[in-house]
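**Student:** coords please:
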Amino acid sequence: MAFRETFVQELNRLSGRSVEVAFDNSVVEGVIAFARADLLGLVEPVPGYAPSNQVLFIAIGAIDFVRVL
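**Tutor:** From the prediction side, this is the model:
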């Protein structure tokens, strides 16, 4: 359990940074909004004429890796 706590602390330290997150055979890019004991909030930009953002919620246990961009 100590690893997960350390991982969540590191994700919170990276809050506001652009990252790439791999999970469940998917890779997404976004900005870390928050990390909790079992959940990561990632703000993804949505391209288009009027750009907007959406929050993607990812289970901490499902994350394969996080790469800082």
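
**Student:** and the strand or helix carrying residue 65, which strands flank it?
**Tutor:** Counting by DSSP states H and E, the element that carries residue 65 is strand 63-68. Sheet pairing of strand 63-68 (DSSP bridges) gives strand 18-23 (antiparallel).

**Student:** For the strand it pairs with, could you pull out the residues that count as buried?
**Tutor:** Neighbour-count burial for strand 18-23 flags 19, 21, 23 (criterion: 16 or more other CB atoms under 10 Å). (Glycine included, C-beta is placed from N, CA and C.)

**Student:** and the residues you listed as JSON lines, adding pLDDT and distance to residue 43?
**Tutor:** Formatted as JSON lines, the buried residues of strand 18-23 follow (pLDDT from 0 to 100; distance: CB to CB, whole Å):
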{"residue": "19", "pLDDT": "97", "distance to residue 43": "10"}
{"residue": "21", "pLDDT": "97", "distance to residue 43": "12"}
{"residue": "23", "pLDDT": "94", "distance to residue 43": "16"}
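
**Student:** As JSON lines, those with distance to residue 41 would be great.
**Tutor:** Converted to JSON lines, the buried residues of strand 18-23 look like this (distance: CB to CB, whole Å):
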{"residue": "19", "distance to residue 41": "12"}
{"residue": "21", "distance to residue 41": "11"}
{"residue": "23", "distance to residue 41": "14"}
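
**Student:** so how far is residue 45 from residue 9?
**Tutor:** 26 Å (CB to CB, to the nearest Å).

**Student:** how much distance is there from stretch 58-69 to the middle of the chain?
**Tutor:** Offset of stretch 58-69 from its chain centre (CA atoms, centre = their mean, to the nearest Å): 6 Å.

**Student:** What are the contacting residues of the strand holding residue 65?
**Tutor:** Strand 63-68 has contacts (CB atoms under 8 Å, 6 or more residues apart in numbering) with 11, 14, 17-23, 40.
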